[in-house]
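**Q** Okay, predicted coordinates and the sequence, questions at the end:
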Amino acid sequence: IRQVLRGGSSSEQVLSLKAFEESAPFDFFPINRFPGRARAYLKIQDGCRSFCSYCIVPMTRGPYRSLSPEKVLSSLQALSKNGHREVVLTGIHLGKYGIDLPGEVNLVTLLRVIEREEFPLRVRLSSLEPNEIERDLMEMVASRDWLCPHFHIPLQSGDDGVLKRMNRTYPAAVFEKVVKTLYEWIPDVAIGVDVMTGFPGEDPVAHSNSYSLIQALPVSYLHVFPFSPRPGTRAWDFKGRIDSETLKERATELRALGRKKRRQFHLGCLGKQYPVLVEGVDADREGFMKGTSDNYLPVVFQGEKTLKGQIVQVRMEGVLEDGMVGSI
C-alpha cells in the first residue's frame, strides 16, 4: 500500500480485494422495520461463484452463504408484526439459497416452510437465473396466492456465442423455454429481463439475435445495461470492444423494445382485477393512491389515505405512460 501511495499517480486506478474464507459466515443484520414503506426486503443469501467474465461480484462478495430457515422465519414474523404486507426475498445469487446449509435445503423447501407459518403477507422473489427456475418453483408460484407471480431473469444476451464468452451457464434456448413455460402456466405473470448490450465481440448478428429473442417472447419489461469494462474481470482484457456510438444505438433500440413490451403487458391486463399493495398517496393526482399489483403493475386509483399498507383488489381500467389506472 505504501508503495502505491508513494509511486502511484492520482489518476491511477487501484484494485484491492480481500480474500474470503470459504467458511465465511452470513453477515446477518436484522432489519425488522422499513419506516414509511409498505414493502420490506429480506436478504436471505450472499455470495456468488459463477464468475461471469464481466463481473467482479464473486471477488467482492465471497462464497455462497445462506440465512438459516429459522432466521428467515423470525425476520418475516417481525416484519409482518410491524405492518409490512409484502416482503421481497433477495440475494446476490438467490437461486443458490441453501447450497451451504446442512440437509436438503433450497429456495423451494424454504418457501414451503414459510407457507406453513401462514404469515399475513405476500412474498416476492428477486432476480433468478434462467436455469434455476425449475418446475417445482414454477408450480408453487402458479398455485399460491401469497407468492407474487413475478420473475426477474438476467438473460444478458440472446446469442449463444456471446453467452459463452460471458461465461453464462445456459444457452438462449433454456431462457426461451423458461419464459414460455411461465407464460403457459401463469398467463398474467410479470417477466422482467436484464440484457447487456455491446459486450466485446457482439457483432450485428449477435445483437439481432438478442433483439429477436426478446421480441418474440412474452417479456413484460427490460432493464438494459450497456457493457462497461471492470478492472479485475476477464472481460477487461477482451478484444473486440464496441465503439460508444454503436453501444448507444443498440441500447436505445433495446430500450424502445422494452417500452413496447411493457405497454403490451399492461394492455393485456386491462379489465382484470389484481391484489395491489397500497404504497402511498399519488403526488401527481389529487385524491389518488398508488400501489403495485402482485404481478408488478404500477397502478393509481381513487381511495382513502388510510388504505396505505393494505392489500386491496383493484380493477385495471386504463393504461398510462408510467403504469395503470384502476378502481377499487
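**A** Received it, and whenever you're ready, just let me know what you need. Residues are numbered from 1 along each chain as shown.
**Q** before we move on, which element is the nearest residue to W185 once chain neighbours are set aside in?
**A** The shortest distance from W185 to any non-neighbouring residue, by Cβ to Cβ, 6 or more residues apart in numbering, is to A142 (4.6 Å). Every residue, glycine included, has its C-beta placed from N, CA and C. Per DSSP states H and E: A142 is located in helix 135-143.
**Q** Show the subsequent helix or strand relative to that helix.
**A** Remark: after helix 135-143, the chain's next helix or strand is strand 150-156, criterion DSSP H and E.
**Q** pLDDT averaged over that following strand, what's the number?
**A** Average pLDDT, strand 150-156: 98.
**Q** other SSEs contacting that strand?
**A** strand 122-125, helix 160-166, helix 172-185, strand 190-197, helix 204-216 (3 or more Cβ pairs under 8 Å, 6 or more residues apart in numbering; DSSP states H and E).
**Q** follow-up on the earlier one: and for the helix holding A142, what's in contact with it?
**A** Under the criterion Cβ atoms under 8 Å, 6 or more residues apart in numbering, residues 107-108, 111-112, 125, 147-149, 151, 181-182, 185-186, 189 lie in contact with helix 135-143.
**Q** Ok, stretch 108-121 next?
**A** Contacts of stretch 108-121 (Cβ under 8 Å, 6+ apart): 44, 69, 72-73, 76-77, 79-80, 84-87, 97-98, 123, 134, 136-137, 140, 144, 146-147.
**Q** Check the offset of that stretch from the chain's centre.
**A** The chain centre lies 20 Å from the centre of stretch 108-121; the measure is Cα atoms, centre = their mean, to the nearest Å.
**Q** Repeat that for stretch 159-171.
**A** Counting by Cα atoms, centre = their mean, stretch 159-171 is centred 20 Å from the centre of its parent chain.
**Q** Export only the CA atoms of that stretch, formatted as PDB.
**A** C-alpha atoms of stretch 159-171 as PDB (Å, rounded to 0.1, in the frame of the first residue of the first chain):
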ATOM      1  CA  ASP A 159     -26.800 -15.000 -28.600                       C
ATOM      2  CA  ASP A 160     -25.100 -18.300 -27.600                       C
ATOM      3  CA  GLY A 161     -21.600 -17.100 -28.700                       C
ATOM      4  CA  VAL A 162     -21.800 -14.000 -26.500                       C
ATOM      5  CA  LEU A 163     -23.300 -16.100 -23.600                       C
ATOM      6  CA  LYS A 164     -20.300 -18.400 -23.800                       C
ATOM      7  CA  ARG A 165     -17.800 -15.500 -23.800                       C
ATOM      8  CA  MET A 166     -19.700 -14.100 -20.800                       C
ATOM      9  CA  ASN A 167     -19.300 -17.500 -19.100                       C
ATOM     10  CA  ARG A 168     -23.000 -17.700 -18.600                       C
ATOM     11  CA  THR A 169     -24.100 -21.300 -17.800                       C
ATOM     12  CA  TYR A 170     -27.100 -21.700 -20.200                       C
ATOM     13  CA  PRO A 171     -27.900 -21.300 -23.900                       C
END
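**Q** Could you pull out the buried residues of that stretch?
**A** Going by neighbour count (16 or more other Cβ atoms under 10 Å), the buried part of stretch 159-171 is D159, V162, L163, R165, M166, R168, Y170.
**Q** biggest separation within those residues, which pair?
**A** In terms of Cβ to Cβ, the buried residues of stretch 159-171 reach their longest pairwise distance at R165 and Y170, which sit 13.8 Å apart.
**Q** before we move on, the earlier item: reformat the buried residues of stretch 159-171 into TSV and put distance to V300 and pLDDT next to each item.
**A** What follows is the buried residues of stretch 159-171, written out as TSV (distance: Cβ to Cβ, whole Å; pLDDT from 0 to 100):
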residue	distance to V300	pLDDT
D159	39	98
V162	39	98
L163	39	98
R165	43	97
M166	39	97
R168	38	97
Y170	38	96
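**Q** Would you convert these into TSV that also reports distance to M289?
**A** Output for the buried residues of stretch 159-171, formatted as TSV (distance: Cβ to Cβ, whole Å):
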residue	distance to M289
D159	43
V162	43
L163	42
R165	47
M166	42
R168	41
Y170	41
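**Q** Lovely, talk soon.
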